[in-house]
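In: Predicted model follows, preceded by the sequence.
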Amino acid sequence: MMRRRSLALLAASALLLAPLSACAALPGSSAPGGAPGSATLDATPLPGDLGGSGDLGGSGDLGGSGERLAGEAMNADAGAERSLTRSAELALTADDVRGTADRAVKIAEGAGGRVDSRTEDAGTGAGSGSSSLSLRVPAERLDATLTELAALGTVERQSVSAVDVTAEHVDLTARVEALESSIARLTQLMADASTTSELLEAESALSSRQQELDGLRAQLTWLEGQVDEATIWVSVSAPTVLPGGGPSSFWDGVLAGLQSIGAAASGGLVLLGILLPWFVIGAVIAGAVLLIVRAARRRRADAARRQSEEGPAPEATPETR
């Protein structure tokens with residue numbers, strides 16, 4: 001029984017090996033060191049093959065180029081020039097307040113800037129007064145202008161600040177460019193419109209986008225103006241001998257004293273006006289209490305008078321006891 005099974009297995013193996021041996025004997029069906037049939041597959045070009053780029057490795061090259069482009073864009077953003085809005089504040093003391101303010105204006109205009117606002121306070125006497133100016137100068141000239149302004153008097157306070165608005169500037173620029181492209185496409189659609197409904201729809205969309213574009217352009221122009229020019233707030237005041245500030249001479253002290261009297265009188269009137277309603281309420285309450293007390297006293301007096309008119313009460317006798 002076992003010999004019959006072994007013979008059957010040998011016969012089956014011979015039948016399977018015969019076709020394989022016949023295929024291996026065909027010319028060109030194998031290559032040295034290669035797998036069976038590999039020469040036939042390599043000889044057949046892939047459809048759409050472009051100079052050997054049709055293999056699967058081509059998709060990997062595309063992915064690598066996309067990552068490279070994304071990396072280059074990130075590097076370009078990182079290396080882009082920053083957009084900063086700069087401002088400064090300068091407090092000076094000088095004997096000639098008005099003359100110092102005039103020279104500050106000339107310095108700003110000499111740097112290619114301008115005066116946005118100017119406020120003058122003549123003060124109450126000689127050697128007093130103050131001036132406040134808002135100057136706009138090119139951002140690249142801010143430091144040099146501050147140095148010239150500081151030389152006009154004694155610097156009491158100085159500060160410089162900067163705000164990074166790069167992200168906002170990039171966002172506005174991209175939105176403006178996107179809207180400009182959209183408007184160009186809508187204009188082309190209007191030119192190619194074949195029906196009145198298509199024309200009206202494109203015109204409505206174009207009007208809406210044009211309004212949005214005008215608003216964004218205005219914002220971008222204002223922001224770029226803030227970046228291109230820096231603001232300097234300058235305050236000039238007269239020097240004082242008092243540490244906390246105040247009159248700089250005897251007569252200024254006298255005038256300040258007279259002003260303090262007037263201020264005290266005005267303050268007293270204001271205080272009187274505040275307390276007057278409370279005085280009225282207090283008078284009403286005091287009058288009511290006084291009336292109640294007087295009424296109580298009157299009742300006690302009337303009771304005593306009636307008792308005195310009736311005479312003393314009769315003494316008790318043994319009979320009444």
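Out: Thanks, I have the structure now.

In: how near is the closest residue to residue 122 other than its chain neighbours to residue 256?
Out: Residue nearest to residue 122 in three dimensions, not counting chain neighbours: residue 129, with 5.1 Å by C-beta to C-beta, 6 or more residues apart in numbering. For every residue, glycine as well, the C-beta is placed using N, CA and C. From residue 129 over to residue 256 the distance is 14 Å, taken as C-beta to C-beta, to the nearest Å.

In: Equivalent analysis for residue 133, please.
Out: 26 Å.

In: Residue 129 and residue 256: which has the busier surroundings?
Out: Legend: neighbour count by other C-beta atoms under 10 Å for residue 129 and residue 256, higher for residue 129 (18 against 15).

In: Surely the more buried one is in contact with residue 238?
Out: Yes. Between residue 129 and residue 238 there is a contact under C-beta atoms under 8 Å: 6.0 Å.

In: residues touching residue 158, list them.
Out: Contact partners of residue 158, counting by C-beta atoms under 8 Å, 6 or more residues apart in numbering, are 88, 89, 90, 91, 146, 150.

In: what about the strands in the stretch 51-200 of the chain?
Out: In the stretch 51-200 of the chain, the strands defined using DSSP state E, counting those that start in this stretch lie at 84-93, 114-121, 130-138, 154-164.

In: could you redo the ones you listed as a markdown table and give each row distance to residue 216 and mean pLDDT?
Out: Shown next, in a markdown table, are the strands of the stretch 51-200 of the chain (distance: least, C-beta to C-beta, whole Å; pLDDT from 0 to 100):
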| stretch | distance to residue 216 | mean pLDDT |
| --- | --- | --- |
| strand 84-93 | 18 | 93 |
| strand 114-121 | 25 | 91 |
| strand 130-138 | 24 | 93 |
| strand 154-164 | 20 | 92 |
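
In: Quick check: which of the ones you listed is nearest to residue 276?
Out: Nearest to residue 276 among these is strand 114-121; the distance by C-beta to C-beta comes to 35.0 Å.

In: Against which helices or strands is that closest one packed?
Out: helix 97-110, strand 130-138 (3 or more C-beta pairs under 8 Å, 6 or more residues apart in numbering; DSSP states H and E).

In: Go again with 6 Å.
Out: For strand 114-121, the elements it packs on are strand 130-138, judged by 3 or more C-beta pairs under 6 Å, 6 or more residues apart in numbering; DSSP states H and E.

In: Could you name every residue contacting both of residue 129 and residue 238?
Out: Shared contacts of residue 129 and residue 238 (C-beta atoms under 6 Å, 6 or more residues apart in numbering): residue 97.

In: Now stretch 138-147: buried residues?
Out: With burial defined by 16 or more other C-beta atoms under 10 Å, the residues of stretch 138-147 counted as buried are 139, 141, 142, 145, 146.

In: Of those residues, which is the nearest to residue 179?
Out: Distances from residue 179 to those, taken by C-beta to C-beta, are shortest for residue 139, at 27.7 Å.

In: partners of the closest residue to the closest one other than its chain neighbours in the sheet?
Out: Of all residues not flanking residue 139 in the chain, residue 230 sits nearest, at 4.7 Å (C-beta to C-beta, 6+ apart). As for beta bridges, residue 230 partners with residue 137 under DSSP bridges.

In: Next, find the distance separating residue 230 from residue 195.
Out: Using C-beta to C-beta, we find residue 230 at a distance of 55 Å from residue 195.
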